[in-house]
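Student: how would this look folded up:
(one chain, ligands or ions: 1)
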Amino acid sequence: MEEKTICGRFAPTPSGRIHLGNIFCSLLAWLQAKSQGGKIVLRIEDLDSTRCPRANADALAADLEWLGLTWDTGAYCSSNSEDYFQSRRFPIYARYLQRLEEQELIYPCFCSRGELHAANAPHLSDGRVIYPGTCRHLTAAQRAAKSAQRSPAYRIKVTDSPISFQDGLYGQYTECLAQECGDFIVRRSDGVYAYQLAVVIDDALMQINQVVRGSDLLSSTPMQLYLYQLLQLPAPQFIHVPLLIAPDGRRLAKRDKDLDLDCLRRIYTSPEPIIGYLAYLAGQLSHPEPLKAEELLSCFDLSKVPTHNIVVPPTLPLLK
Ligand code: GLU
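Tutor: The predicted structure follows:
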């Protein structure tokens, strides 16, 4: 039987300069695809275009290139580069949302954020609020009256059946959407499509069959698998990887300026020390040493990547 070419992706949200945690994830996505002769697509997840100006995406692409994390198709590399910016794909998302509407699975929701966080809404330990279904059963007249006051978000009805998948690193993962998230948003009240919907449509249409991303998205995967199923689109293999965290336990964020590429590129004139350090954190080297990403290809072993989150010091050791 003919082996299917692996097609992975970088799917960054350009809301700021990329930091070490983003690079860690991109490096693993790149190694996992490339070590198996696969390809990488670059898709810019700028759904919220006010938070994600084009200049950020430009810097991000230049940073990935500088790091030696190449991509084969997508943004910044083909004549149809614009097709790989989510902000340009709203008409496509609208078509798929329509399909869900035809299945009577979508309804308008007028709840404000404040209402959702009110005491009666159960909260999960990760801060997610379970939507209690407030607007699911509004009558047509109630919807019309509320629409005159504010524009609604749109939610999808979820089911009670548990959704399971086999993660490439974390193993079996199961979630019951009704109990652990409730009906979730597919389009915001300002007209911006939700990440959960856009990512499913894009990964399917871009023929991505391997998704490597941070373990913070593990709990998004059942929502996405539900959408794949409803839209009858093929789901990729999922591999979640640990997060890099600060010594106080916070996940690294774009505000950790010391570990963003603007700062790192001032300290390191070449990417090798950064790549070697990340490969060490990913269990691929016994000690940090400067290396090019492609030098890791022949020995890359996903099973050596730890499953616990990884603490990084606020400044990297200088490996020249
Ligand atoms: N755009 C998301 C991020 O930058 C990643 C989404 C995904 O990998 O599915 O965190």
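
Student: pretty sure D183 is in contact with G133, am I right?
Tutor: Yes. Shown here, D183 and G133 form a contact pair, counting by C-beta atoms under 8 Å, at 6.1 Å. All C-beta spots, glycine's among them, are computed from the backbone N, C-alpha and C.

Student: who has more neighbours, those two?
Tutor: Neighbour count, other C-beta atoms under 10 Å: between D183 and G133, D183 has more, with 23 against 15.

Student: Roughly how far does the more buried one sit from F90?
Tutor: Relative to F90, D183 is positioned 22 Å away (C-beta to C-beta, to the nearest Å).

Student: now swap in I274 and tell me
Tutor: Taking C-beta to C-beta, one finds I274 at 35 Å from F90.

Student: Between these two, which is the more surrounded one?
Tutor: I274 (27 against 16).

Student: Surely that one forms part of a helix?
Tutor: Yes. Assignment of I274 by DSSP: H, G, I helix; E, B strand; the rest coil places it within a helix.

Student: That one reaches G68, doesn't it?
Tutor: No. Look at I274 against G68 with C-beta under 8 Å: they stay out of range, at 10.2 Å.

Student: Next secondary structure element downstream of the lowest-mean-pLDDT helix or strand in the chain?
Tutor: Taking mean pLDDT, DSSP states H and E as the measure, the chain has helix 113-116 as its least confident helix or strand, at a mean of 75. Per DSSP states H and E, the first helix or strand lying C-terminal to helix 113-116 is helix 140-149.

Student: start to end distance for stretch 174-182?
Tutor: 15 Å (C-alpha to C-alpha, to the nearest Å).

Student: Now it: buried residues?
Tutor: E175, L177, A178, E180, C181, G182 (16 or more other C-beta atoms under 10 Å).

Student: Stretch 239-250 near the ligand anywhere?
Tutor: No. Against the ligand, stretch 239-250 shows no contacts by C-beta under 6 Å from any ligand atom, the least distance being 9.5 Å.
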